[in-house]
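> curious how this folds, go ahead:
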Amino acid sequence: MRTYKFQLKPTKNQEEKLFNTLNMCRFTYNQLLEKLNSQETINRSEVQHEIINIKEKHPVLKEVYSKTLQYECYRLFSNLRGLSQSKKKGLKVGRLRFKGKNWFKTIVYNQSGYKLIQRDNHYNHLRLSKIGNIKLRQHRPIDGEIKSIIIKKKVNTWEAHIVTDAPYTINSGDDVIGIDMGVLSFITDSNGKTIDNPLFMNKSLKQLQFLHQKISRTKKGSKNRRKYCKQLQRKWEYIENQRKDFFHKVSTKLINNSKHIAVENLNIKSMTNNVKNPYYNHRNILDSSWGMFLQMLKFKADSAGIKYVEVNPAYTSKMCNQCGRIKDMPTSIRVYKCSCGMVIDRDYNAAINILQRSLGREPAYVNNNEFLLLEQEATSFRAE
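Residues are numbered from 1 along each chain as shown. Predicted coordinates for the structure are as follows:
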C-alpha cells in the first residue's frame, strides 16, 4: 500500500459538513464503546448491528455517509486489539476511553463514497459523499487503484490521505555500512561520514516555553487560552513537519547508496527512563526521534530489497574494533584510545563495530581481567 497526502481547500459550507461528519463519527464511536462495555462477553457482530439502532434513535446520523459510520466499529476493535497486544508485552494498560471533541481528527471513506474529478488534465477536486466536491491541491500524479481515503483535520487545514495499491519503489546502491545513532551527530556510518543532528525541538524551545507560559496565565475556557493553544499546536506541527522532511531526505540518501545497512536494536524507552544518571540527555534523545527514523529506514530498505540488520547494541562504543578490548567510555569522552594503539572517534568506532557484528566479523570478545592476565603472561615470558 502507498499513501499520498494532499491538502484540501474546502469552502465554509463544506468545512461545516466536515466538522459535522467528524462529530457524528465520534458520537458513533462513543455509542459503540458504551455498547461494548455493557457486554459480559464481547460480541463484535452485536456491536456492529448497534449502528442501526443508533441511526434510528438519532436521525441526524443519516446526513453522514454510512460507510464512514461502519468504519468506527473497525476502529473500536482495532484499538481494543492494540490494548491487548500491549498487555501481552507486559505494559500497564487500562480501558478504552470515550473520545472527546479534540481527540478525534479523522474521517475514513473505506472502499466507496469518493471520486477524483479531473479538471484541466489534473485531478483537482475530490467528491465525498454527503459533503460535495472539495478542491484538492494535487502536486503529483497518483499511481495504482485507490482503496480508501482518510480525511484528517490539521491545526489550520484539512488533508486527504489517499491510499492506493501501488508498490513503493526506491533505488539502491552498492555500499555496505553500519550506522551509529547519536545526539551530537545524528548519524555516523562505518565509512566515517557524519550527519549533524538538527534537534528541531531544541531550536524552537524558547518559543515553546513562551507559549506554555502564556497558556498557564490564561483562564480555562477563555478566548485567549484557545488562541495560544492553537499557536502552540501550530508550532508542534511545524516541528513535526521539519523532522519528517529531514528523515525522508536522509533515509532516501542512505538507501540510494547502500545494499546492506546495519543498525543497533535500541531500547529507547529504557534509555529515556535512566534516572540513575542525572546528566543523561533525555530531551535531546527524544528530540532526535531515532525510533521514527529507523522505522522509516526499515520500510524503505524492505521496499528497495536491500538487507537491513539490527544488532545487539552492547559495548559497540566501548569495544575496540581492532583488538576487541573493552574499556569504560563516558559520553563526555569523544575519542576512543586503545592500548593496542588505535585512536579513533568513538561514534566512528561504534559504527565499524555495528557493521562487523552484522557480518559476523567482530573481534573476539576479551574481558578486561583476561586481557590483563594475557599481558602479564607475555611480560613474564619475555623476562624468561
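
> tally of neighbours for residue 239?
For residue 239, the neighbour count with other Cβ atoms under 10 Å is 18. C-betas here are computed from N, CA, C, even on glycine.

> I figured it was touching residue 202, is that so?
No: counting by Cβ atoms under 8 Å, residue 239 does not reach residue 202; the two are 9.9 Å apart.

> residue 135 looks like it's in a strand, true?
Yes: looking at residue 135 with DSSP: H, G, I helix; E, B strand; the rest coil, it is inside a strand.

> so what's it bridging to?
Beta bridges link residue 135 to residue 9, residue 125, judged by DSSP bridges.

> contacts only, for it.
Residues in contact with residue 135, defined by Cβ atoms under 8 Å, 6 or more residues apart in numbering, are 8-10, 124-125.

> recalculate using a threshold of 10 Å.
Contacts for residue 135 (Cβ atoms under 10 Å, 6 or more residues apart in numbering) come out as 7-11, 14, 119, 124-126.

> again, but for residue 234
For residue 234, the contacting residues are 154-156, 211, by Cβ under 10 Å, 6+ apart.

> what do you get for residue 76?
Contacts for residue 76 (Cβ under 10 Å, 6+ apart) come out as 28-30, 32-33, 35-36, 44, 47-48, 96.

> swap the cut-off to 6 Å and go again
Contacts for residue 76 (Cβ atoms under 6 Å, 6 or more residues apart in numbering) come out as residue 32.

> and what about it, helix, strand or coil?
Secondary structure assignment for residue 76 (three-state DSSP): helix.

> and it, how far from residue 64?
For residue 76, the distance to residue 64 equals 17 Å [Cβ to Cβ, to the nearest Å].

> what pLDDT does the residue nearest in space to the middle of the chain get?
The C-alpha lying nearest the average C-alpha coordinate of the chain belongs to residue 292 (Cα atoms, centre = their mean; 3.8 Å). Residue 292 is assigned 94 on the pLDDT scale.

> which element is it on?
In the assignment (DSSP states H and E), residue 292 maps to helix 290-304.

> list the contacts of that helix.
By Cβ under 6 Å, 6+ apart, the surrounding residues in contact with helix 290-304 are 168, 170, 172, 181, 247, 251, 255, 268, 308.

> before we move on, the earlier item: ok, and the most crowded of the contacts of residue 234?
Taking other Cβ under 10 Å as the neighbour criterion, residue 211 ranks highest of those with 20 neighbours.

> SS state for that residue?
Secondary structure for residue 211, judged by three-state DSSP, is helix.

> picking up where we left off before, residue 243 versus the residue nearest to the centre of the chain, what's the distance?
Taking Cβ to Cβ as the criterion, residue 292 is separated from residue 243 by 7 Å.

> helix or strand for residue 219, which one?
Secondary structure from DSSP H and E places residue 219 outside every helix and strand.

> excluding sequence neighbours, find me the nearest residue to it.
Of all residues not flanking residue 219 in the chain, residue 225 sits nearest, at 6.5 Å (Cβ to Cβ, 6 or more residues apart in numbering).

> swap in residue 35?
Spatial nearest neighbour of residue 35, excluding adjacent residues (Cβ to Cβ, 6+ apart): residue 50 at 4.7 Å.

> just to revisit the earlier point, correct me, but the residue nearest to residue 219 touches residue 214?
No: if you go by Cβ atoms under 6 Å, residue 225 and residue 214 don't touch, sitting 8.8 Å apart.

> buried residues in stretch 223-237?
By neighbour count with 16 or more other Cβ atoms under 10 Å, stretch 223-237 contains the buried residues 225, 228-229, 231-232, 235.

> what mean pLDDT does it have?
Here the average pLDDT along stretch 223-237 is 94.

> again with stretch 99-110
89.

> and the contacts of that stretch?
Taking Cβ under 6 Å, 6+ apart as the criterion, the residues outside stretch 99-110 that touch it are 21-22, 25-26, 29, 67-68, 71, 148-153.

> filter those to the buried ones?
Buried members of the contacts of stretch 99-110, scored by 16+ other Cβ under 10 Å, are 21-22, 25-26, 29, 67-68, 71, 148-151, 153.

> show me where the stretch 1-150 of the chain has helices.
Secondary structure of the stretch 1-150 of the chain (DSSP state H, counting those that start in this stretch): helices at 12-38, 44-57, 66-88.

> so can I have JSON lines of the contacts of stretch 99-110 showing distance to residue 206 and pLDDT?
JSON lines is the format used below for those (distance: Cβ to Cβ, whole Å; pLDDT from 0 to 100):
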{"residue": "21", "distance to residue 206": "39", "pLDDT": "94"}
{"residue": "22", "distance to residue 206": "34", "pLDDT": "94"}
{"residue": "25", "distance to residue 206": "38", "pLDDT": "94"}
{"residue": "26", "distance to residue 206": "35", "pLDDT": "94"}
{"residue": "29", "distance to residue 206": "38", "pLDDT": "94"}
{"residue": "67", "distance to residue 206": "46", "pLDDT": "92"}
{"residue": "68", "distance to residue 206": "42", "pLDDT": "94"}
{"residue": "71", "distance to residue 206": "42", "pLDDT": "94"}
{"residue": "148", "distance to residue 206": "41", "pLDDT": "93"}
{"residue": "149", "distance to residue 206": "39", "pLDDT": "94"}
{"residue": "150", "distance to residue 206": "35", "pLDDT": "95"}
{"residue": "151", "distance to residue 206": "35", "pLDDT": "95"}
{"residue": "152", "distance to residue 206": "29", "pLDDT": "95"}
{"residue": "153", "distance to residue 206": "28", "pLDDT": "93"}
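
> closest to residue 130 out of those?
Residue 130 has its nearest neighbour among the contacts of stretch 99-110 in residue 21, at 7.2 Å by Cβ to Cβ.

> that closest one is in contact with residue 63, isn't it?
No: counting by Cβ under 6 Å, residue 21 does not reach residue 63; the two are 8.1 Å apart.
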